[in-house]
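# how does the following fold in three dimensions:
(chains A and B)
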Amino acid sequence: MTVQPHIRIEKVSKVFRTGGSEVAALDDINLDIKAGEFICLLGPSGCGKSTLLNTVAGFSLPTSGVVRVHGETVRVPGPDRGMVFQEYALFPWMTVEKNIAFGLEIQKQGRAQIAGKVDALLEMLKLQDFRGRYPKDLSGGMRQRVAIARVLALDSPIMLMDEPFGALDSLTRRNLQDELLRIWMEYRKTIIFVTHSIEESIYLADRIIVMTYRPGRIKQDVSVTMPHPRDPSSAEFNDLKKELGMLVMEEQSRHNQEEIKAPVAD
Amino acid sequence: MKKNCLAKTFGILHGLLVPIVLLALWQWLSSQAIVNPMILPAPTRVLAKWWEYLMPAQAYDPATSGYLAWMFSGEMIHDAYASMYRVTVGFVVGAILALPLGLIMGANDRVYKLFNPLIQILRPIPPIAFIPLSILWFGLGNPPAIFLIVIGAFFPILMNTIAGVRNVDGIYIRAARSLGASQTTMFLRVILPAATPYILTGMRIGVGTAFIVVIVAEMIAVNNGLGYRILEAREFFWSDKIIAGMFTIGLLGLAIDTGMNRLNNHLLKWHRGIENK
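Prediction:
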């Protein structure tokens, strides 16, 4: 039995130095995430939501403060925190099957065991017909399914998702959102999901963390209690959408003003 | 299907048009005795010479050799074999030296900084410029020729391998790290395959350079091979044989490049952009 994780982000700040200038990407972030929670980090680009996710993943360390996962300080990336990228990041030289098996092969699991897990995942994500294909032959939605399967294979209690559906068309997107919810409910994983889509965050999350633009701080911590499946046309959904829309637009307009002052690529 | 076949035939005819017109013009020029046949022999004479160069010199005699051995006893076959042997040995040695060094230099910045200055100085020297030194060091025969080919193959493979490793997209490294890959796994299963398109390009350039160098080396350091043969033919004013030899060199080069291309497409069937070729 795996011990349920608990993520604690403690006074995390992150400063990027580029050339002579310093950019404060994160400033004094404090956040506790319960096991099994579905968290969305919401905000305009430049608000540090991906930076925050990367500190949990262990890809970049905070300038000050700590991230603890189940009491242990995060220092390096690891298979206990599976990562799904917007760019899919599948290995193009491996077939679908090999991509999913990669993490299991690293753990030196038995061949029969790996084959069993891969088969189950292919079926769960409706990828059976694509097992021998290379990523270049798949659509964006299919690629992201493979990337999700690759992370699920590791059985990690935490899934980190960096705008995973950002590049997909809206129908594929809804499809994958439903599938992700199904997986989340079945396995009760802790999910941190970065998005700039207000609707997506309301559709998916238990808690929405709205972040401010530069330096990234937590602007508001919103709980969503509507039961799943949520109806995007319901009054409750739209009230929340309006409320969050105002919060996000405030930050977006700050983002716009900053860009006019100093047109720096984000 | 029939339509497809027709289109294919038409495509081949289309491609042959310019060579046929040029050949006809060449033949006409020769038949009009406008140019001295010693300078430019008729294409028919070149073809006849090519055939003579290809075929065995002696009549078939079962008492002295088998049929196959006789078939391959022609001068051209021997020359082509000698040239290919040198290209192969030189290329393989060059690749064996360049690949590991390139992989280490690409992956490790300290090793890169250690070797890079020397490489930057040596790399712009054309392999041909090594001829005097190679003869001084190795005398005449195969060793200096192969030495030159090694140098010709070494640098393109080295440079491309380094570039391949250094240009591996960071997202693959991040994905592999988060999946728990160790250093060894990262190198063997992520960096190496991600770098193969570059490495294969380096090999293709390397084999092309090796083929150029072998012809030059044979003109200077040895007394057989295709390069030697066309230079020898010049001494006898056999312009038909020179052109016949050049034609063989061209065919061999084309065969090598086609082979490398096939290998490329096979190894990179996962790669974008290959599928339509």
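# what residues does the stretch 51-200 of chain A have near chain B?
Contacts of the stretch 51-200 of chain A with chain B, taken as C-beta under 8 Å from any C-beta of the partner chain, map to A:57-59, A:76-79, A:81-83, A:85, A:87, A:89-94, A:102-103, A:106-107, A:134-136, A:150, A:154. Every residue, glycine included, has its C-beta placed from N, CA and C.
# how about the contacts made by the residue of the stretch 1-150 of chain B found nearest chain A?
Here the residue of the stretch 1-150 of chain B nearest chain A is residue B:103; by C-beta to the nearest C-beta that distance is 16.3 Å. Residue B:103 makes contact with B:161, B:165, B:187, B:192, B:195, according to C-beta atoms under 8 Å, 6 or more residues apart in numbering or on different chains.
# so which of those residues is the most crowded?
residue B:161 (28 neighbours; other C-beta atoms under 10 Å in any protein chain shown).
# in this structure that one contacts residue B:102, no?
Yes - the criterion here is C-beta atoms under 8 Å, and residue B:161 meets it with residue B:102 at 2.7 Å.
# what is in contact with these two at once?
With contacts taken as C-beta under 8 Å, 6+ apart, residue B:161 and residue B:102 have B:199, B:202 as neighbours in common.
# so which bits of chain B are right by chain A?
Within chain B, the positions lying close to chain A (C-beta under 8 Å from any C-beta) are B:171-172, B:174-182, B:185, B:189-190, B:193-194, B:196, B:269-272, B:275.
# got any ranges where chain B has weak pLDDT?
B:1-3, B:273-277 (pLDDT under 70).
# what ranges does it have for its helices?
With DSSP state H as the criterion, chain B has helices at B:2-31, B:43-54, B:67-71, B:75-107, B:109-122, B:131-138, B:142-166, B:170-178, B:183-185, B:192-220, B:226-235, B:239-267.
# ranking those by burial, who's on top?
helix B:142-166 (a mean of 24; mean count of other C-beta atoms under 10 Å in any protein chain shown).
# got the angle between it and helix B:109-122?
Counting by axes from the mean of the first three to the mean of the last three C-alpha atoms, to 10 degrees, helix B:142-166 lies at 130 degrees to helix B:109-122.
# phi, psi for residue A:33 please.
Here is the backbone geometry of residue A:33 (degrees, to the nearest 10): phi -120, psi 130.
# from what I see, residue A:179 and residue A:127 are in contact.
No - the criterion here is C-beta under 8 Å, and residue A:179 misses it with residue A:127 at 11.4 Å.
# wait, residue B:208 sits on residue B:257?
Yes - contact criterion C-beta under 8 Å: residue B:208 and residue B:257 qualify, at 7.2 Å.
# ok, the closest residue to residue B:201 other than its chain neighbours to residue B:257 distance?
Distances taken as C-beta to C-beta, 6 or more residues apart in numbering or on different chains put residue B:160 closest to residue B:201, at 5.4 Å, once the chain neighbours are dropped. Going from residue B:160 to residue B:257 by C-beta to C-beta, to the nearest Å gives 16 Å.
# check contacts around residue A:169.
Under the criterion of C-beta under 8 Å, 6+ apart, the neighbours of residue A:169 are residue A:140.
# I meant to write residue B:26 there.
With contact set as C-beta under 8 Å, 6+ apart, residue B:26 has these partners: B:40, B:42-43.
# rerun that using 7 Å as the cut-off
residue B:43 (C-beta atoms under 7 Å, 6 or more residues apart in numbering or on different chains).
# please report the distance of it from residue B:19.
10 Å.
# name the SS class of residue A:192, please.
Classification of residue A:192 by DSSP: H, G, I helix; E, B strand; the rest coil places it in strand.
# that one and residue B:171: what is the separation?
Residue A:192 sits 19 Å away from residue B:171, taking C-beta to C-beta as the criterion.
# ok, residue A:164 next?
Distance, residue A:164 to residue B:171, using C-beta to C-beta: 13 Å.
# for residue B:231, see how far away residue B:131 is.
In terms of C-beta to C-beta, residue B:131 sits 14 Å off from residue B:231.
# go on, residue A:120?
Per C-beta to C-beta, residue A:120 is found 68 Å from residue B:231.
# and stretch A:39-58, how far apart are its ends?
End-to-end distance for stretch A:39-58: 18 Å, by C-alpha to C-alpha, to the nearest Å.
# the domain parsing of chain B - what is it?
What the TED database lists as the domains of chain B is B:1-54, B:67-268.
# show me the one of these that comes nearest residue A:242.
Across those, residue A:242 has its closest neighbour in domain B:67-268 (36.2 Å, C-beta to C-beta).
# can you give me the strands for the stretch 51-200 of chain A?
Ranges of strands within the stretch 51-200 of chain A are A:64-69, A:72-73, A:81-84, A:158-162, A:190-195, based on DSSP state E, counting those that start in this stretch.
# who touches the shortest one?
Meaning strand A:72-73. Strand A:72-73 is contacted by residues residue A:66 when judged by C-beta under 7 Å, 6+ apart.
# just to revisit the earlier point, turn the domains of chain B into TSV, columns for distance to residue A:72.
Conversion of the domains of chain B to TSV gives the following (distance: least, C-beta to C-beta, whole Å):
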stretch	distance to residue A:72
domain B:1-54	64
domain B:67-268	16
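# of these, which is nearest residue A:111?
Residue A:111 lies closest to domain B:67-268 among the domains of chain B, at 16.4 Å (C-beta to C-beta).
# list the contacts of the residue in the stretch 151-266 of chain A positioned nearest to chain B.
Closest to chain B within the stretch 151-266 of chain A is residue A:154: 6.8 Å, counting by C-beta to the nearest C-beta. Counting by C-beta under 7 Å, 6+ apart, residue A:154 touches A:79, A:82, A:103, B:179.
# report the contact partners of the second one.
Translated: residue A:82. A:151, A:154, A:156, A:158-160, B:178.
# repeat the analysis, applying 8 Å as the threshold.
By C-beta under 8 Å, 6+ apart, the contact list for residue A:82 reads A:150-152, A:154, A:156, A:158-160, B:178-179.
# follow-up on the earlier one: overlap of the contact sets of residue A:179 and residue A:127?
Common neighbours of residue A:179 and residue A:127 (C-beta under 8 Å, 6+ apart) are residue A:145.
# which one's more surrounded, the two?
Set residue A:179 next to residue A:127 and count neighbours by other C-beta under 10 Å: residue A:127 wins out with 21 against 17.
# I'd say that one and residue A:150 touch.
No - the pair residue A:127 / residue A:150 is not scored as a contact, 10.9 Å apart, by C-beta under 8 Å.
# and stretch A:50-63, what's buried?
Buried positions in stretch A:50-63, judged by neighbour count with 16 or more other C-beta atoms under 10 Å in any protein chain shown: A:50-63.
# any idea of the mean pLDDT for it?
The average of the pLDDT scores along stretch A:50-63 is 95.
# okay, the residue most central in space within chain A: pLDDT?
When C-alpha atoms, centre = their mean is applied to chain A, the residue found nearest the centroid is residue A:161 (1.7 Å). Per-residue pLDDT puts residue A:161 at 97.
# repeat for the one 4 residues further on
Residue A:165 is assigned a pLDDT of 95 by the prediction.
# just give me the neighbour total for it.
So residue A:165, with other C-beta under 10 Å, has 25 neighbours.
# distance of it from residue A:147?
Taking C-beta to C-beta, one finds residue A:165 at 11 Å from residue A:147.
# just residue B:19 next, same as before
In this view, residue B:19 and residue A:147 are 51 Å apart by C-beta to C-beta.
# ditto for residue B:229
Distance of residue B:229 to residue A:147, computed by C-beta to C-beta: 58 Å.
# hang on, residue B:160 packs against residue B:197?
No - checked against C-beta under 8 Å, the pair residue B:160 and residue B:197 is beyond contact range at 9.3 Å.
# tell me which residues touch residue A:205, please.
With contacts taken as C-beta under 8 Å, 6+ apart, residue A:205 has the following neighbours: A:38-40, A:193, A:224.
# dump those into JSON lines; add distance to residue B:241, secondary structure and pLDDT as well.
Putting the contacts of residue A:205 into JSON lines (distance: C-beta to C-beta, whole Å; DSSP: H, G, I helix; E, B strand; the rest coil; pLDDT from 0 to 100) gives the following:
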{"residue": "A:38", "distance to residue B:241": "80", "secondary structure": "strand", "pLDDT": "97"}
{"residue": "A:39", "distance to residue B:241": "80", "secondary structure": "strand", "pLDDT": "97"}
{"residue": "A:40", "distance to residue B:241": "78", "secondary structure": "strand", "pLDDT": "97"}
{"residue": "A:193", "distance to residue B:241": "74", "secondary structure": "strand", "pLDDT": "97"}
{"residue": "A:224", "distance to residue B:241": "86", "secondary structure": "coil", "pLDDT": "95"}
